[in-house]
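[1] Structure of the sequence below:
(one chain, ligands or ions: 2)
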Amino acid sequence: MSNIVILTGAGISAESGLETFRAETGLWAQHRVEDVATPEGFARDPRLVVDFYNMRREQAEAAQPNAAHEALARLEAEHDGNLLVVTQNVDSLHERAGSRNLIHMHGALNSALCAACDHRWPASMVMNVGDKCPSCAAPAARPDIVWFGEMPYQMDQIFDALAQVDLFAAIGTSGNVYPAAGFVAEARRAGAETVEINLERSAVGSQFSNVILGPATRTVPDWVAGILKR
Ligand code: BV8
Ligand code: ZN
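    Numbering: from 1, shown residues only. Ligands and ions are numbered 1, 2, ... in the order given. The predicted structure is shown next:
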């Protein structure tokens, strides 16, 4: 098993106390997606959007990596081959647990982006509408988050990795958001073994060769131990 690609979603951070999106009481039950996670929503009411991400940033900073994040960092350190974690999550729990080869395909709460010149810098804990870009001075700072209708980051690297993957795992993601939900199909095309690790079957669950159901802090360390024994 030399090339491993792991896709993670909100479910891996749930036991760290961060809300998922599509649970009955999750983030999308409390906020309209169109208002807080689209470029049109930001243009209409930037204050609402900046406040939403200020709140999320505060929650994410207070959270600690859990046993599932730690197990993936261990797998990267001990696996004899390549391992890439692609996360849809905007928290930094993977890197805080020790993951290094990591892509934040939907952006990161701890980063700010200039809408005028694309410069990035570390976000302050509380961002304000009209914060100035440290590079071009335009009052055009926005959260460095990929909203619906925007292109996710580092897609070329992700598809290159998926074209050569031997083992693909999707952890804690509902399979509702594309292009991430299509990665399992890419991995199958490459001939990879595919495994879904989730609380329940996802929207694309039938495409995986293997499914492991249960809370990530239990299932992921067990799965990692099994891979390292192969
Ligand atoms: C794009 C911002 C190209 C970050 C987010 C094909 C068909 C139909 C539509 C489309 C399509 N392709 C593209 C689209 C459009 C759209 C899309 O997918 N729409 C959907 C809704 C149909 N996609 C896009 O717009 C993407 N861009 O395609 O670019 C393009 C560009 C321009 C024009 C044309 C094309 C951009 C998507 C980015 C969206 N950004 N939010 C933020 O605020 O955090 S989405 C949001 O959903 C988050 O990023 C999140 O990561 C992502 C996925 O959600 P999940 O992580 O899966 O979370 P969810 O709550 O759903 O599920 C949690 C799961 O965990 C559950 O299954 C649960 O059972 C499980 N779980 C819970 N607890 C545990 C657990 N598992 C284990 N243990 C536990 N303890
Ligand atoms: Zn700028």
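
[2] Give me the phi and psi for the residue nearest the centre of the chain.
    Nearest to the geometric centre of the chain sits Gln88, at 1.9 Å (CA atoms, centre = their mean). Reported as degrees, to the nearest 10, the phi and psi values for Gln88 are phi -90, psi -10.

[3] what do you get for the one 4 residues further on?
    Per-residue torsions, Ser92: phi -110, psi 30 (degrees, to the nearest 10).

[4] if we can go back for a sec, give me every residue that touches the residue nearest to the centre of the chain.
    Applying CB atoms under 8 Å, 6 or more residues apart in numbering to Gln88 gives the contacts 7-10, 105-106, 173, 177, 180. Glycine gets a C-beta too; all of them are placed from N, C-alpha and C.

[5] What is the burial count for Leu167?
    Neighbourhood size, Leu167 [other CB atoms under 10 Å]: 21.

[6] ignore the last one, Gly9
    26.

[7] sorry, back to before: model confidence score at the residue nearest to the centre of the chain, please.
    Turning to Gln88, the model gives it a pLDDT of 98.

[8] wait, which of the contacts of Gln88 is closest to Val146?
    Distance to Val146 across the contacts of Gln88 (CB to CB) is lowest for His106, with 4.4 Å.

[9] I'd assumed Val90 was in contact with that closest one.
    Yes: counting by CB atoms under 8 Å, His106 does reach Val90; the two are 5.9 Å apart.

[10] more neighbours, the two?
    When His106 and Val90 are compared for neighbours, Val90 comes out ahead with 24 against 21, by other CB under 10 Å.

[11] How about that one: what's its closest non-neighbour residue?
    In space, and not counting its chain neighbours, Val90 is closest to Leu109: 4.8 Å by CB to CB, 6 or more residues apart in numbering.

[12] Surely that neighbour is in a strand?
    Yes: the assignment for Leu109 (DSSP: H, G, I helix; E, B strand; the rest coil) places it in a strand.

[13] can you tell me which of the contacts of Gln88 lies nearest to Phe42?
    Closest to Phe42, out of all of the contacts of Gln88 and judged by CB to CB, is His106, at 14.9 Å.

[14] how much space is there between the nearest residue to the closest one once chain neighbours are set aside and ligand 2?
    In this structure, His106 finds its nearest non-sequential neighbour in Val146, 4.4 Å apart by CB to CB, 6+ apart. As for Val146, its distance to ligand 2 is 18 Å (criterion: CB to the ion, to the nearest Å).

[15] ok, Lys132 touching Ala138?
    Yes: Lys132 lies in contact with Ala138 (CB under 8 Å); the separation is 7.1 Å.

[16] you'd agree the residue nearest to Val90 is up against Pro143?
    Yes: Leu109 is within contact range of Pro143, at 7.1 Å (criterion: CB under 8 Å).

[17] okay, and the common contacts of these two?
    Counting by CB under 8 Å, 6+ apart, the common neighbours of Leu109 and Pro143 are 53, 123.

[18] Right, I'll leave it there.
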